[in-house]
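Asker: coords please:
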Amino acid sequence: MKVEKSSQDLENEVIFAGLCIHCGSCNAFCPHMDFSQENGEAYVVDECAETIGLCYNACPRTFLPVSDIEQKLFGQTRVDLGVGVYKDIVQVKSKNKDSILYNLVAAAFDSGVVKHFVLSEPKSKKPPVAFPVVVDNKKDAKKYIPEKTMDNAGPLITGIGKAYLERKKDIGIIANPCHLQGLAKILVSDFNTGAERTSLKIAFACSSGGMTGCSYCTDFSGEFSDISYSPWGAPKGSGEAFLIIRTDVGQKVLDEAVKGKLLEITNKEPDLSEMKKFLNKKKRKNFLNLLGRDLVTAKYLKLNVDELKDILE
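Answerer: Prediction:
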């Protein structure tokens, strides 16, 4: 699906409307967009002559056909509205002193799933701003592993574009759900970008947001990832987390982490009630922001009526 709009439309409909979440999808492969070094927000560099702009079509806040993206990414649509498409959900803990997320990255390198990784380097806490870095081995990755979702608050998808320009392949990324919405749109589009060199997408399930645009997000688990990492719902203080395995690639990385004694599966059938309670509470609140109290306008989001029932009842 392509929409005949470009950077000027993106500026009016998303940036000036307060919907931008600084994900970097618009300027990862488009020379007419860039982002502020101060707050990470996107802006138009120059007038664009394209009638069908990659920037507009890549942005997760212009339109988001969830079911279409799921069908193209996973070959199916969700049966679980709160979590999205998945193959398995397990509870894990680290078997060493490193974090669960780092051990996933290490396993991804060890298994050959990735040769490079896009990670975040926080530059500011107020406002939260982080910029992408591309590392080429698991040792260099260690200092860039995010501890919380706001460590990723910046245009991380531009890191995929940077890696592509450096002729790198088999690229992994740890990102927030909003980043992966934009990357998913690029991956399933008809645009020739080089984003297909992304071989692993790890989502950091999001607890909240630090930007105005975050109040319009409905994906808190990272529904377009290969693996979602969620500390939300796991026993507090345990150091454990849930891993939502969505694809065969995600399963391969988890298997390598277990085989390499980096991670231990502590519960193969964890109680998901607290995680789903958290996810649905956030979704419900932000759906109301999207729809308005009169339930007429849905801004950028495109969903079927049936996809709203469980949330709005």
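Asker: where do the helices sit along the stretch 151-300 of the chain?
Answerer: Taking DSSP state H, counting those that start in this stretch, the helices of the stretch 151-300 of the chain run over residues 158-165, 177-188, 248-259, 273-291.
Asker: closest to residue 146 out of the ones you listed?
Answerer: helix 177-188 (11.5 Å; CB to CB). Every C-beta, even on glycine, is put in place using the N, C-alpha and C of the backbone.
Asker: Mind telling me which of the helices of the stretch 151-300 of the chain the model trusts least?
Answerer: Mean pLDDT across these is lowest at helix 273-291; the value there is a mean of 80.
Asker: Show me what it packs onto, helices and strands only.
Answerer: helix 309-312 (3 or more CB pairs under 8 Å, 6 or more residues apart in numbering; DSSP states H and E).
Asker: If you average the pLDDT over the helix it packs on, what comes out?
Answerer: Here the average pLDDT along helix 309-312 is 56.
Asker: what do you get for stretch 48-65?
Answerer: Stretch 48-65 comes out with an average pLDDT of 91.
Asker: What lies in contact with it?
Answerer: Outside stretch 48-65, the residues within contact range by CB atoms under 8 Å, 6 or more residues apart in numbering are 1-10, 13-14, 19-21, 23, 25-30, 32-33, 178, 181-182, 185-186, 189, 191, 193, 213, 216, 299-302.
Asker: now do 6 Å
Answerer: Applying CB atoms under 6 Å, 6 or more residues apart in numbering, the contact partners of stretch 48-65 are 2-7, 9-10, 14, 19, 25-26, 30, 32-33, 181-182, 185-186, 191, 300-302.
Asker: cool, stretch 125-140 as well?
Answerer: By CB under 6 Å, 6+ apart, stretch 125-140 touches 39-40, 106, 109, 116-123, 141, 144, 150-154, 156, 158-159, 162-163, 210.
Asker: Of the contacts of stretch 48-65, just the buried ones, ChimeraX syntax please.
Answerer: Command for ChimeraX that selects the buried part of the contacts of stretch 48-65, burial taken from 16 or more other CB atoms under 10 Å:
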select :5,6,7,9,10,14,19,25,26,30,32,33,181,182,185,186,191,300,301
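Asker: Now list the buried members of the contacts of stretch 125-140.
Answerer: 40, 106, 109, 116-120, 122, 141, 144, 150-154, 156, 158-159, 162-163, 210.
Asker: Show me what counts as buried in stretch 246-259.
Answerer: Neighbour-count burial for stretch 246-259, counted by 16+ other CB under 10 Å, picks out 246, 247, 249, 250, 251, 252, 253, 254, 256, 257, 258.
Asker: Tell me the one of those nearest residue 282?
Answerer: Of these, the one sitting nearest to residue 282 (CB to CB) turns out to be residue 246, at 19.2 Å.
Asker: Specify the angle between the top strand by length along the chain and helix 158-165 in degrees.
Answerer: Among the segments of the chain that qualify as a strand by DSSP state E, the longest is strand 116-125. Between strand 116-125 and helix 158-165, the angle comes out at 140 degrees (axes from the mean of the first three to the mean of the last three CA atoms, to 10 degrees).
Asker: Partner strands of strand 116-125 and their direction?
Answerer: According to DSSP bridges, strand 116-125 forms sheet pairs with strand 128-135 (antiparallel), strand 171-175 (parallel).
Asker: Output the first one as PDB - backbone C-alpha positions only.
Answerer: Listed in PDB are the C-alpha atoms of strand 128-135, where the atom choice follows Å, rounded to 0.1, in the frame of the first residue of the first chain:
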ATOM      1  CA  PRO A 128      14.900  11.800  26.600                       C
ATOM      2  CA  VAL A 129      17.100  11.600  23.500                       C
ATOM      3  CA  ALA A 130      19.200   8.700  22.200                       C
ATOM      4  CA  PHE A 131      21.000   8.200  18.900                       C
ATOM      5  CA  PRO A 132      21.800   4.900  17.100                       C
ATOM      6  CA  VAL A 133      25.100   3.200  17.100                       C
ATOM      7  CA  VAL A 134      26.100   0.300  15.000                       C
ATOM      8  CA  VAL A 135      28.300  -2.400  16.600                       C
END
